[in-house]
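Undergrad: Predicted model and sequence below, questions to follow.
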Amino acid sequence: MKNVARRSSCVPRKPITLDLSGIVCLMVLVGCGGNVNFETDTSPEPTMSNPEPASTDAGTPETDAGGLNTNPPGKKPPGMSCWTQDRLGRTAEVKTLASSAGTIHGFADLVAKVELLDNEGTFPASTPQYPTQPAYDFTDFKAGFSRLMMWSAPYTGVDEQSFFSPLFTIAKPGQQLVAISYFTEQEARDAFALNTWQQRPVNVNGQELLDYAGLDFALTECAGGYYLASNGGNTVWQLRKNTQKLAKAVLPGNVSSLLCLDDGTLVATTLPRLNTMCHDPTPCNITGIAQPAAVYSVNTEDGSVDLITELPGELNLPADNITFFKQEADEVLPHGLRVAVSQGQGDTLLVADQLARKMYSLSQAGELLNTQDMPAFMTGMTKAPNGVVYGLRSMTMDSSGSNILEPAAVVAWNGTAWQTVYQLSGHDEFAQFFGNGFQADCQGTDCMLPFGAFFHLGHDWCNTLYASDPTGRVLAIALSFD
């Protein structure tokens, strides 16, 4: 299979500055130091068979997206613990596990079935191993996982002389966080094309640093191993013991998301590439889609890659408003977009194509089953043990990019539409950061859909969802099924 991914250079529409220095005080109000923010709702809790009317900001399916319902009612999936089958649940309490933690990229399996990686359980409890590793607060928190595993972004100092490698972090309640560095500076620059990304200020644990705007990573546990990929490259990496890594597979496009299916199959999505008449810096005109976003299966034994399907390749965002990375004179790679993927009912896959503003239900053989509109970007999805698919929908901005119209929210598929489960707060002071995006029509209102607002969503085995947001927070959202 031909490798068509190339390095790229950033053509920014306007400078982006992210200052997280005030978020520590903000987090004290909503849950730092063991305090819990309670969300109260006394109305009947919905189910997939008897849903509430959908929230007006959750969007309405274009068709009956049958692939979004999950396990048949009454069938208890293997390994199910505290979750109640087919019940969406309501937010019971929210705990801020981390704040001002920098750029967190995704969750691996929260109940890992893999052998321990090096240094687990041996790290001193007093001194951080790396200055950019996130700090977690598990005070008064009853975890439903054995390990919380995440990937942290690479940084440089503000002088761009010092470099901080990306980190694989393992958090265990009651124990010190373990951080493992798999990439040297040169390896990271080569693997993720770091020299081609625009940098922006960010505060990490009180340190003023620079991260890479638009750079994204995907992390998952599959078939007894950890796998990592980035939109800055086309390689799927296997993370091994003793800081060893293996380039397991090379895909025909830059990787956006990873998913491990119940049978151990590793699924990867790739970003689209666009045709352009750009032979100079901006402005550039987008003339169409050169290569649509696609879904692939990766064999974790031999690294072979098979195409599941290419997405329909629609372009439903204003072409003159797309900010991108240059690949070559006639093609560009849109940055700040994610092609999220999750399991659906039975053997189906759910794929969110932000460029098309569509969500697709696919068979694992690649057959298109259903399509629904996606008014706001779905940036992350996860299928919980109760068979319900939860998503994390990004915020929408006003047309100036200065104010948030609809906050980001955790949503759940109720059998008819996406229903809000928990609305995220605390983003208003960072509105300028989210003000870079795509001018669009949001149900009759001029709006902006932010790019690079990378939220991640995961779950554990006991009623709790975990969300990371672009401001450096990691939230534990406990659901009630009473």
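TA: All right, it came through fine. Numbers count the residues shown, from 1 in each chain.

Undergrad: Against residue 359, how distant is residue 286?
TA: For residue 286, the distance to residue 359 equals 22 Å [CB to CB, to the nearest Å]. The C-beta positions use only the backbone N, C-alpha and C, and glycine is treated the same way.

Undergrad: quick one: which of those two has more around it?
TA: Per other CB atoms under 10 Å, whichever of residue 286 and residue 359 has more neighbours is residue 359, with 27 against 21.

Undergrad: Settle this for me: that one is touching residue 374, isn't it.
TA: Yes - with contact defined as CB atoms under 8 Å, residue 359 and residue 374 form a contacting pair (4.9 Å).

Undergrad: Find the residues that touch each one of these two.
TA: 352-353 (CB atoms under 8 Å, 6 or more residues apart in numbering).

Undergrad: Would you point out the helix or strand in this protein whose mean pLDDT is lowest?
TA: Sorting the helices and strands of the chain by mean pLDDT, DSSP states H and E puts helix 23-30 at the bottom, at a mean of 18.

Undergrad: Tell me where the protein is predicted with low confidence.
TA: 1-81, 109-128, 277-285, 318-330, 431-435 (pLDDT under 70).

Undergrad: for it, what spans make up the helices?
TA: For the chain, the helices defined by DSSP state H occupy 23-30, 185-191.

Undergrad: since we're on the nearest residue to residue 460 once chain neighbours are set aside, how many residues are nearby?
TA: Spatial nearest neighbour of residue 460, excluding adjacent residues (CB to CB, 6 or more residues apart in numbering): residue 144 at 3.7 Å. Using other CB under 10 Å, residue 144 has 20 other residues around it.

Undergrad: Quick check: the gap between residue 144 and residue 478.
TA: Taking CB to CB, one finds residue 144 at 9 Å from residue 478.

Undergrad: quick one: common contacting residues for the two?
TA: Common neighbours of residue 144 and residue 478 (CB under 8 Å, 6+ apart) are 463-464.

Undergrad: Relative to residue 93, how far out is the residue nearest to residue 460?
TA: For residue 144 relative to residue 93 (CB to CB), the value is 13 Å.

Undergrad: what does residue 378 give?
TA: On the measure of CB to CB, residue 378 and residue 93 end up 25 Å apart.

Undergrad: now swap in residue 437 and tell me
TA: Counting by CB to CB, the gap from residue 437 to residue 93 is 32 Å.

Undergrad: same deal with residue 156?
TA: 38 Å.

Undergrad: Then residue 336?
TA: Distance from residue 336 to residue 93, by CB to CB: 32 Å.

Undergrad: who has more neighbours, these two?
TA: Between residue 336 and residue 93, residue 336 has the larger neighbour count (other CB under 10 Å), namely 25 against 16.

Undergrad: Could you verify my assumption that that one touches residue 449?
TA: No - the criterion here is CB under 8 Å, and residue 336 misses it with residue 449 at 9.9 Å.

Undergrad: Residue 223: neighbouring residues, count only.
TA: Residue 223, neighbours per other CB under 10 Å, totals 17.

Undergrad: Show the contacting residues for residue 171.
TA: 97, 134, 136, 138, 147-150, 177-178.

Undergrad: Likewise for residue 230?
TA: Per CB under 8 Å, 6+ apart, neighbours of residue 230: 191-192, 215-218, 254-255.

Undergrad: how about TSV for the residues you listed, with neighbour count added?
TA: Shown next, in TSV, are these (neighbours: other CB atoms under 10 Å):
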residue	neighbour count
191	19
192	25
215	26
216	27
217	24
218	24
254	28
255	29
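
Undergrad: Out of those, list just those in strands.
TA: Filtering the contacts of residue 230 for membership in strands, criterion DSSP state E, returns 217-218, 255.

Undergrad: For residue 253, which non-adjacent residue is spatially closest?
TA: residue 270 (3.3 Å).

Undergrad: Residue 255 now?
TA: In space, residue 255 is closest to residue 229, 3.7 Å off (CB to CB, 6+ apart).

Undergrad: got the residue ranges for the strands in the stretch 101-250 of the chain?
TA: 104-107, 148-152, 155-157, 163-164, 167-171, 178-180, 199-204, 207-212, 217-222, 225-230, 235-239, 245-250 (DSSP state E, counting those that start in this stretch).
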